[in-house]
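Colleague: one predicted model, sequence on top.
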Amino acid sequence: MAYKKRKLEDLNVLDDFMFSAAASDEEVGKEFCRTVLSVLLQKELGEIQITAQKTILPCTPEMRGIRMDVEVKEPLEDKETLPSLNVYDVEPHLRKEKYFPKHNRFYQAKIDSRYIRSGDRDFGNLPNLFVLTITEYDPFGKDQMIYTVSNSCREEPGLKYDDGLVFYYFNTKGKKGGTPEIRAMLKYMMESTEKNVVNEDIRNLHRCVERVKVLPEVREEFMRFEDVIAWEKEKSHEEGIEEGRKEGRIRMLIEISRESGLSDEKILKQLMDKCELTEKEAQEYLMEC
């Protein structure tokens, strides 16, 4: 089935394209990010700097880098104690992630690695890092609206372990915990329509989103973005069909060979010669059939 292209007008804030487009807009980006963060974290923010679609390259070609959806920096130069910066990594996450804790552990490590220079032995100025993951499903199955995760000492639960790192998982469908303001914000992010504009914060957010949706440059970028997705989906579909056909041929060859009385050793050699399988792949098929 061909990929059905979406309309820009129908995108919700939880869609990473829409979130990044609003966050990176020169006119409303700061207001958009400040509103989202101040409501979800229930705190006031100072001056902020925003980077959308930030790519952190791997240290070597064979390793993996990351792409941050939106990074928000809040300088704290007026503070008397270190650190001097808060960093907020905001990640709308529609695709289901099986290993969220380790996924975010990897992201956190890559983000932190940019803030310590070679030879620097003072870790006191490593920024506070807040990783916000926003999903439309429950990542931990406990029906909480918010899961807040930070490091602590198992033997001494009251011991303050201040490493400056906090993970927040926001479940838009969660029924437990949170506040009415957070609940309303998450509902709007999941379904960004006028009917879900129920307070002034969400009204500000809705105004930002509606402005971005009519910008010609955003519309043009979205059209290119959808074309790329459509091409990738179609290519993946075709490759999946071909892979299925290949697997069917392999299984048929094994079945016919066994009916002919061939030993597994000879069938193994046939699979490697005729189907271009490695010995390990051929053995796995033999064990399955």
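Modeller: Nice, I can see it.
Colleague: Arg219 against Leu8, yeah?
Modeller: Yes. Between Arg219 and Leu8 there is a contact under Cβ atoms under 8 Å: 5.8 Å. C-beta: built from backbone N, CA, C; applies to glycine.
Colleague: neighbour-wise, which of these two wins?
Modeller: Taking other Cβ atoms under 10 Å, Arg219 and Leu8 do not tie; Leu8 has more neighbours (20 against 14).
Colleague: and the lengthiest strand in the chain, what does it pack against?
Modeller: The longest strand of the chain (DSSP state E) is strand 66-75. The helices and strands touching strand 66-75, judged by 3 or more Cβ pairs under 8 Å, 6 or more residues apart in numbering; DSSP states H and E, are helix 16-24, helix 29-41, strand 49-56, strand 85-92, helix 100-112.
Colleague: again, only this time at 6 Å
Modeller: Counting contacts by 3 or more Cβ pairs under 6 Å, 6 or more residues apart in numbering; DSSP states H and E, strand 66-75 is packed against helix 16-24, strand 49-56, strand 85-92.
Colleague: let's have the ones you listed in a markdown table, adding mean pLDDT and distance to Lys98.
Modeller: A markdown table is the format used below for the helices and strands packed on strand 66-75 (pLDDT from 0 to 100; distance: least, Cβ to Cβ, whole Å):
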| stretch | mean pLDDT | distance to Lys98 |
| --- | --- | --- |
| helix 16-24 | 90 | 19 |
| strand 49-56 | 76 | 22 |
| strand 85-92 | 92 | 16 |
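Colleague: select, out of those, the one closest to Val166.
Modeller: strand 85-92 (10.1 Å; Cβ to Cβ).
Colleague: can you add distance to Met252 and mean neighbour count and give the helices and strands packed on strand 66-75 back as TSV?
Modeller: TSV is the format used below for these (distance: least, Cβ to Cβ, whole Å; neighbours: other Cβ atoms under 10 Å):
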stretch	distance to Met252	mean neighbour count
helix 16-24	42	22
strand 49-56	45	15
strand 85-92	45	22
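Colleague: include distance to Ser257 when you put the ones you listed into CSV, please.
Modeller: Formatted as CSV, these follow (distance: least, Cβ to Cβ, whole Å):
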stretch, distance to Ser257
helix 16-24, 49
strand 49-56, 49
strand 85-92, 50
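Colleague: can you show me the strands along this protein?
Modeller: Using DSSP E, strands in the chain cover 49-56, 66-75, 85-92, 128-135, 146-149, 165-171.
Colleague: nearest to Val28, out of the ones you listed?
Modeller: Using Cβ to Cβ, the strands of the chain put strand 49-56 closest to Val28, at 10.8 Å.
Colleague: JSON lines please, covering the strands of the chain and showing distance to Thr179.
Modeller: Putting the strands of the chain into JSON lines (distance: least, Cβ to Cβ, whole Å) gives the following:
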{"stretch": "strand 49-56", "distance to Thr179": "25"}
{"stretch": "strand 66-75", "distance to Thr179": "21"}
{"stretch": "strand 85-92", "distance to Thr179": "19"}
{"stretch": "strand 128-135", "distance to Thr179": "16"}
{"stretch": "strand 146-149", "distance to Thr179": "9"}
{"stretch": "strand 165-171", "distance to Thr179": "12"}
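Colleague: just so I know, which of those strands lies nearest Tyr115?
Modeller: Among these, strand 85-92 sits nearest to Tyr115 (Cβ to Cβ), with 7.9 Å.
Colleague: pairing partners for the closest one, with directions?
Modeller: Using DSSP bridges, the strands paired with strand 85-92 are strand 66-75 (antiparallel), strand 128-135 (parallel).
Colleague: tell me the centre residue of this structure?
Modeller: His93 (4.4 Å; Cα atoms, centre = their mean).
Colleague: ok, now which ones touch that residue?
Modeller: Applying Cβ atoms under 6 Å, 6 or more residues apart in numbering, we find His93 in contact with Thr133, Thr135.
Colleague: now for Lys213: which residues touch it?
Modeller: If you count contacts by Cβ under 6 Å, 6+ apart, then Lys213 has Leu8 around it.
Colleague: okay, it: pLDDT?
Modeller: On pLDDT, Lys213 comes in at 92.
Colleague: quick one: it and Ile267, what's the gap?
Modeller: In this view, Lys213 and Ile267 are 59 Å apart by Cβ to Cβ, to the nearest Å.
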